[in-house]
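[1] coords please:
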Amino acid sequence: MEWINDNKILIIVYLAINLVVFFMYGIDKFKAVHNKWRIPENTLISGALFGVFGALLGMIVFHHKIRKPKFFITVPAFMIVEVGFTVYLMMAAR
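    This next block holds a predicted model:
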C-alpha cells in the first residue's frame, strides 16, 4: 500500500493514458462504421504500448480490431510485459 501512496501522480497519469487509449479505439470504431477518416493502426498499437488496459478494454467493448492478428497478438503481449514490469517495480521498491 505504501507503493501506491508514494506513486499517486504516476498512477493517475497511467489511468489517464488508458482512458485516452480506450476512447481512441471507440472513436476509430465509430469512424469505421460511418466511413470516415480513421486513426492509423500504428497509432492504435502505439497507444496500446502505453495504455494496454485501455486498448484491450476498447477492443472488447467496441468489438474493434479483435480479428486482426496485429492486434489480438500484440495487445496481450504488451499486457504480459507491462504486468511483469509493474510487478518487478513493486518488488524492487520493497
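[2] so where's this protein uncertain?
    Within the chain, the stretches with pLDDT under 70 are 1, 3.
[3] how about the helices in it?
    Using DSSP state H, the helices of the chain run over 2-6, 8-33, 41-50, 52-61, 69-72, 74-92.
[4] got these as a markdown table, with mean neighbour count columns?
    From N, CA and C alone the C-beta is placed, and that goes for glycine too. A markdown table is the format used below for the helices of the chain (neighbours: other C-beta atoms under 10 Å):
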| stretch | mean neighbour count |
| --- | --- |
| helix 2-6 | 10 |
| helix 8-33 | 15 |
| helix 41-50 | 17 |
| helix 52-61 | 21 |
| helix 69-72 | 13 |
| helix 74-92 | 13 |
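[5] quick one: the residue lying closest to E41 once chain neighbours are set aside from M90, how far?
    Nearest residue to E41, sequence neighbours excluded (C-beta to C-beta, 6 or more residues apart in numbering): K70, at 6.6 Å. Counting by C-beta to C-beta, to the nearest Å, the gap from K70 to M90 is 30 Å.
[6] rewinding a little: wait, the residue nearest to E41 touches L44, no?
    No. The criterion here is C-beta atoms under 8 Å, and K70 misses it with L44 at 9.3 Å.
[7] separation between the residue nearest to E41 and N35?
    21 Å.
[8] for I12, see how far away H64 is.
    Applying C-beta to C-beta, the value for H64 to I12 is 26 Å.
[9] what's the spacing between A16 and G54?
    The gap separating A16 from G54 is 10 Å, by C-beta to C-beta.
[10] which residues are in contact with both of these two?
    Common neighbours of A16 and G54 (criterion: C-beta atoms under 8 Å, 6 or more residues apart in numbering): none identified.
[11] what about P40, distance to V21?
    14 Å.
[12] ugh, wrong one, T74
    T74 sits 13 Å away from V21, going by C-beta to C-beta.
[13] overlap in contacts, the two.
    A48.
[14] now G26. Nearest residue, chain neighbours left out?
    Closest residue in space to G26, ignoring its immediate chain neighbours: F62 at 5.2 Å, by C-beta to C-beta, 6+ apart.
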